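>>> 3D, please:
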Amino acid sequence: MFSAYEASKAAQSMFSRVMRLDLAAWGVKVATIQPVGFKTNLFGNSETIRCHREEILHYISPEVRKDYGDAYISTCCSCLSKMREECYHNICPVLDDMCHALLAAKPKPLYMSGKLGWLLPLICHLCPTSLFDSFLTYITLSRYTDSKPAALAVN
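Got it, this is the predicted structure:
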């Protein structure tokens, strides 16, 4: 569900690291700001999410639609609305990090704005993969639905 989003986030993170190394010779400092859990229009509003659901159902192949099922796809889309409602409205921590990154004599290479922004990377680095995967599944889809793709549902 989040693969494209997470892949682009990982690419941006690696790009920033490489740019920091490449530009250091010129005295240019590169800082990455990764906001965690803030309410944005990334997933849009309820109407946008409904349109995405209809678009997904219209364009996916019959085989994929059969494997996932309309109920699972609908649940995933509604999950985004629920997740959006739990996000922080106040973006001041992000703005504070931006100001620090721009104005500090020695900015940090990475800012993780938001409560518990440090938690996922810590768990990822310190815990076995299976534990991290279970935690990530819990805080994303399984917290909002018990639906599974149709092909994985037990009959």
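>>> which stretches in this structure count as strands?
32-33, 110-111 (DSSP state E).
>>> okay if I get the ones you listed as TSV plus mean pLDDT and distance to Gln12?
The way it works is simple: take the backbone N, C-alpha and C, and place the C-beta from them, glycine included. Shown next, in TSV, are the strands of the chain (pLDDT from 0 to 100; distance: least, CB to CB, whole Å):
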stretch	mean pLDDT	distance to Gln12
strand 32-33	94	8
strand 110-111	92	12
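>>> quick check: which of those strands is nearest to Ile56?
Checking the strands of the chain against Ile56 by CB to CB gives strand 32-33 as the closest, at 30.6 Å.
>>> okay, now Thr129: neighbour count?
Thr129 has 8 neighbouring residues, counting by other CB atoms under 10 Å.
>>> ok, Tyr72 next?
20.
>>> need the contact list for it.
By CB atoms under 8 Å, 6 or more residues apart in numbering, the residues touching Tyr72 are 147-150.
>>> so where do the helices sit in the chain?
3-23, 46-59, 62-68, 70-85, 92-103, 119-126, 129-139, 141-144 (DSSP state H).
>>> which one of the contacts of Tyr72 is nearest to Cys99?
For those, the nearest to Cys99 is Ser147 (42.1 Å; CB to CB).
>>> wouldn't the closest one be in contact with Thr75 here?
Yes - assessed by CB atoms under 8 Å, Ser147 is found in contact with Thr75 at 4.1 Å.
>>> Pro35 is nearest to which of the helices of the chain?
Of the helices of the chain, nearest to Pro35 by CB to CB is helix 92-103, at 4.7 Å.
>>> all good on my end, thank you.
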